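**Student:** Here you go, sequence then predicted model.
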2 protein chains.
Amino acid sequence: VILLTPGPLTTARETRAAMTSDWGSRDAAFIALTADLRRCLLALAHGEANHVCVPIQGSGTYVVEAAIGSLVKPDSKLLVLENGRYGARAVTIAQRLGRPVTSLHWPEATPVNPQAVRAALKADPTISHVLLIHCETTTGILNPLQVVADTVAAEGRALIVDAMSSFGALPVDLRTTPITALLASSNKCLEGPPGIAFAIAARDALEEAGIAASVSLDLKAQWQGFEKNGQWRFTPPVQAVAGTVKALELLEAEGGPAARLARYRDNFATLLAGMKRLGFSLYLDEADQAPIIATFHVPKAWDLTFEAFYDALAARGYLIYPGKLTGADTFRIGCIGAIGRRDFEGLLAAMAEILEKARG
Amino acid sequence: VILLTPGPLTTARETRAAMTSDWGSRDAAFIALTADLRRCLLALAHGEANHVCVPIQGSGTYVVEAAIGSLVKPDSKLLVLENGRYGARAVTIAQRLGRPVTSLHWPEATPVNPQAVRAALKADPTISHVLLIHCETTTGILNPLQVVADTVAAEGRALIVDAMSSFGALPVDLRTTPITALLASSNKCLEGPPGIAFAIAARDALEEAGIAASVSLDLKAQWQGFEKNGQWRFTPPVQAVAGTVKALELLEAEGGPAARLARYRDNFATLLAGMKRLGFSLYLDEADQAPIIATFHVPKAWDLTFEAFYDALAARGYLIYPGKLTGADTFRIGCIGAIGRRDFEGLLAAMAEILEKARG
């Protein structure tokens, strides 16, 4: 089966094979594996000088909650830059944790505007942290990370970046992009199995962190645990760690994030050209679309329901993804995972056949 | 490698093999797998009449935090019955979440005393929930679940049971043992991979739950998500789910919890007899010891450090576990996992050889 989703996604055979061993989670071999994981992830972000990698058990949302609950203090304020579901969820998390929160809101097809961020920061000096979603999985829109990061830094505030859908493919360099905490998970562009999320967090921000909102989702305590003895505080998903370390080796062997991005761009270009031929149109302006997950309009004259289309593709081994938009009838196709142009050609051929049949 | 730990532990080859597929987490096949998981776990506890199974991503501690933060309201009070580290951690979690908490405390080698629980409940009518650790992994002590459950029910309070180390082997029957929420994880007596924890919770308790302390660790919202469309709210560890479902099939094939308990009892008996021959003594009274994880005193006249002993056993393929006691020099050996008498005979032979060599 080929997964054309925002994750969990198609992993390499070698990655899955790496998940077939048992590990003692407090044994030296697993401590070394955890150190590899943390070192490789930190290096991918070029964060060795001032940052540390803090993996946590769970999904991406868990590390977003851990970052907000650990870094934003109850007497400071978070500004969320919101143009999709994941921004909205970050607002909900901050509210639930009792952290003061405000947000700037854009329509789902509009990237975050750095000028508005600057104005909001100038207008409210109590904002201590800003949260940006790098690539909003809701639509696949790419937000302007570098300009937002420079703006937030110029105003003397801390930036938290949800890079869930982008990390491992879209470039991020902590030497030149000021970010306090970069958040991502094992099962997107890293092409690992799901089960691990992580923060690449500034060491000084962790040192200055107050009491976290949670024991389980406490970034500072988790970091201190790793520093103390190299171990996870609580039982880690050992097979997911082993699979992710293997996936990171494969990323390096492929040529790193630049090579991976080139493959994803090729996937997206193949997909977009074919979808246009089949009569589908892209929801976003092409300039705002990251080559991660693409949102397509359901055609006006549509011979199928989405469910029938999904099922027919699933029967042929291709799993696509429903839309998540509030105001438009859409579906999504992921371009990430251990898949390439031939998989998209196969997908497009299957679609053509299904559409033909529906018309006939 | 043979893991003689409290988990993650040695899993069956078939369980690990079940982890080598990719799954679309919102696809019908995975929805069916999740339904299998929830149904089998609920059936193991005989909870079909009034309970539901709510799995969450993460380690056992996550579901303890989810249960406290979801079920205990900020204006009610939790009583923790504490005779080890995991009880102490539950107190810390409640404090962190701003839930009023009190505790009764026993020495690590002493089981919880139900009379004291009754007196505490009579003395403080503001206590709404009681939390008991069924088998405290700190020592391996077995606490008197049935009597405590009857006592708590007689006083009209709700019982939360951390059955992390016991569920799947030691009997628990929700038809005859009144428990509001039974908590456990995939990677102990169920012999699955780590990555999933779960609550088997009374439906009415979830319905009456207030606003949880966390978005990620919200039992009620997680349950409502499963009820709505059969899906996990956030990305699930798909391979761990598949591995756990396979592990549950193997549990049934073995003959269910009774057969598994018989194997663990045989493991423990083999271990204890051999350890006595080698000059080690059990930390607990044998009557209080669950056949899950056994704590042994480090002998007074000991020719080795624990580290040297551990390393020598690890070099022979056996991973044991350090002690976690405050007042005694001990180490632990797990009796659970996909292992049997022959593995323990091998372990004991390796120990004899190492001790012989150290003496020589």
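**Tutor:** Yep, that arrived. For clarity, every value in this text was computed on a predicted model and none was experimentally measured.

**Student:** Can you get me a residue count around residue A:286?
**Tutor:** For residue A:286, the count of nearby residues is 9 (other CB atoms under 10 Å in any protein chain shown). Bear in mind the C-beta positions are built from the backbone N, C-alpha and C, glycine included.

**Student:** And for the closest residue to it other than its chain neighbours, the neighbour number?
**Tutor:** Of all residues beyond its chain neighbours, the one nearest residue A:286 is residue A:272 (7.7 Å), with distances taken as CB to CB, 6 or more residues apart in numbering or on different chains. Residue A:272: 21 surrounding residues under other CB under 10 Å.

**Student:** next one: the one 10 residues further on
**Tutor:** Applying other CB under 10 Å, we find 19 residues neighbouring residue A:282.

**Student:** sorry, back to before: let me know the helix or strand that the residue nearest to residue A:286 is in.
**Tutor:** Residue A:272 is part of helix A:256-277 when elements are defined by DSSP states H and E.

**Student:** can you tell if the helix or strand following that helix touches chain B?
**Tutor:** Following helix A:256-277 in sequence order, the next helix or strand is strand A:293-297 (DSSP H and E). No: under the criterion of CB under 8 Å from any CB of the partner chain, chain B is not reached by strand A:293-297; the shortest gap measures 13.4 Å.

**Student:** Which other helices and strands does the helix or strand that comes right after strand A:293-297 contact?
**Tutor:** Using DSSP H and E, the helix or strand that directly follows strand A:293-297 along the chain is helix A:306-315. On a contact count with 3 or more CB pairs under 8 Å, 6 or more residues apart in numbering or on different chains; DSSP states H and E, helix A:306-315 meets strand A:330-334, helix A:341-359.

**Student:** partners of the shortest one in the sheet?
**Tutor:** Listed by DSSP bridges, the sheet partners of strand A:330-334 and their directions read strand A:293-297 (antiparallel), strand A:321-322 (antiparallel).

**Student:** For those, give me TSV that also has mean neighbour count.
**Tutor:** As requested, the strands paired with strand A:330-334 are arranged in TSV below (neighbours: other CB atoms under 10 Å in any protein chain shown):
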stretch	mean neighbour count
strand A:293-297	23
strand A:321-322	18
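
**Student:** Compare the mean pLDDT across those strands and name the weakest.
**Tutor:** Out of the strands paired with strand A:330-334, strand A:321-322 stands lowest, with a mean of 91 (criterion: mean pLDDT).

**Student:** Give me the contacts around that strand.
**Tutor:** Identification of contacts with strand A:321-322 by CB atoms under 8 Å, 6 or more residues apart in numbering or on different chains yields A:4-6, A:293, A:306, A:310, A:331-334, B:26.

**Student:** what's the answer for stretch A:246-266, then?
**Tutor:** Contacts made with stretch A:246-266 from outside it, assessed by CB under 8 Å, 6+ apart, are listed as A:11-12, A:14-15, A:17-18, A:36-37, A:40-41, A:44, A:168-171, A:186, A:189-193, A:291-292, A:335-336, A:338, A:340-341.

**Student:** now those residues: which count as buried?
**Tutor:** Restricting these to buried positions leaves A:11-12, A:15, A:18, A:36-37, A:40-41, A:44, A:168-171, A:186, A:189-193, A:291-292, A:335-336, A:338, with burial counted as 16 or more other CB atoms under 10 Å in any protein chain shown.

**Student:** Of those residues, which belong to helices?
**Tutor:** The members of the buried ones among the contacts of stretch A:246-266 that map onto helices under DSSP state H are A:15, A:36-37, A:40-41, A:44.
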